[in-house]
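> The sequence and its predicted three-dimensional model are supplied below.
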Amino acid sequence: MSETRDNAGVIAPPPLLALAAVVIGLALDWLLPAYVLSVLLTMSDRIVIGALLIAAGLGLAVSALGLFRSAGTHAEPWKPSTTLVTEGIFKWLRNPMYVGLIFILAGVSILLASDWMLVMTIVFAPVIHFGVVKREERYLEAKFGEAYRQYKARVQRYGLPF
């Protein structure tokens with residue numbers, strides 16, 4: 001008897017992937033310090049830039065999470081989706097939580113002057129894209145069909161024209 005999996009089959013929970021980027025970045029900072037961010041930016045610059053990125057990331061992620069909760073569906077991609085959320089921030093951006101997570105990681109990296117964490121944030125982006133987003137897209141298209149295809153056609157994946 002075969003069971004049909006009702007989830008996106010992501011490689012790992014995105015928060016766990018983000019935590020891995022932080023831990024690996026900090027470990028590399030300790031092993032191979034580069035000091036690029038601390039030389040390029042003053043402490044006050046790092047605080048302002050980091051705080052703005054963290055605030056923007058939290059704004060995106062928290063608003064998206066609230067919309068999922070209001071719609072009565074799971075935000076966690078390893079759980080079943082029960083409805084397609086296309087309102088609020090999702091009118092402009094298909095993946096606000098992942099964009100927000102990248103902003104948060106970049107903000108923390110800059111705030112801490114963690115060069116390697118910033119590099120790991122760059123590595124994190126394609127891992128999220130191929131290991132989470134692309135899998136979610138296949139799942140949502142299979143589950144919601146034409147409604148999801150129409151949504152994909154009118155709303156950009158990351159808010160960028162690619």
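Ah, there it is. As the structure is a computational prediction, the values presented were derived from the model and not from experiment.

> SS state for Asn7?
Classification of Asn7 using DSSP: H, G, I helix; E, B strand; the rest coil returns coil.

> next one: Ile122
At Ile122 the chain is in helix, as set by three-state DSSP.

> What strand or helix carries Leu53?
Secondary structure assignment for Leu53, by DSSP states H and E: helix 43-71.

> Buried residues, that helix. List them.
46, 49-50, 53-54, 56-57, 60-61, 64, 67-68, 71 (16 or more other C-beta atoms under 10 Å). C-betas here are computed from N, CA, C, even on glycine.

> burial measure for Gln156, as a count.
Gln156: 13 surrounding residues under other C-beta atoms under 10 Å.

> make that Glu87, sorry
Each residue near Glu87 was counted by other C-beta under 10 Å, and the total is 9.

> Tell me the helix or strand right after the helix holding Leu53.
Under the assignment DSSP H and E, the closest C-terminal helix or strand after helix 43-71 is helix 96-111.

> Report the angle between that next one and helix 43-71.
160 degrees (axes from the mean of the first three to the mean of the last three C-alpha atoms, to 10 degrees).

> Packing partners of helix 96-111?
helix 14-31, helix 43-71, helix 115-128 (3 or more C-beta pairs under 8 Å, 6 or more residues apart in numbering; DSSP states H and E).

> Skipping its backbone neighbours, what lies nearest the spatially most central residue of the chain in space?
For the chain, the residue sitting closest to the mean C-alpha position, by C-alpha atoms, centre = their mean, is Tyr98 at 1.6 Å. Closest residue to Tyr98 apart from its sequence neighbours, by C-beta to C-beta, 6 or more residues apart in numbering: Ile128 at 5.2 Å.

> dump the residue contacts of the one you found.
14, 17, 98, 101-102 (C-beta atoms under 8 Å, 6 or more residues apart in numbering).

> which of the residues you listed tops the neighbour count?
Of those, with other C-beta under 10 Å as the count, Tyr98 tops at 26 neighbours.

> Give me the helices and strands touching the helix holding Leu53, please.
Checked by 3+ C-beta pairs under 8 Å, 6+ apart, helix 43-71 has helix 96-111 packed alongside it.
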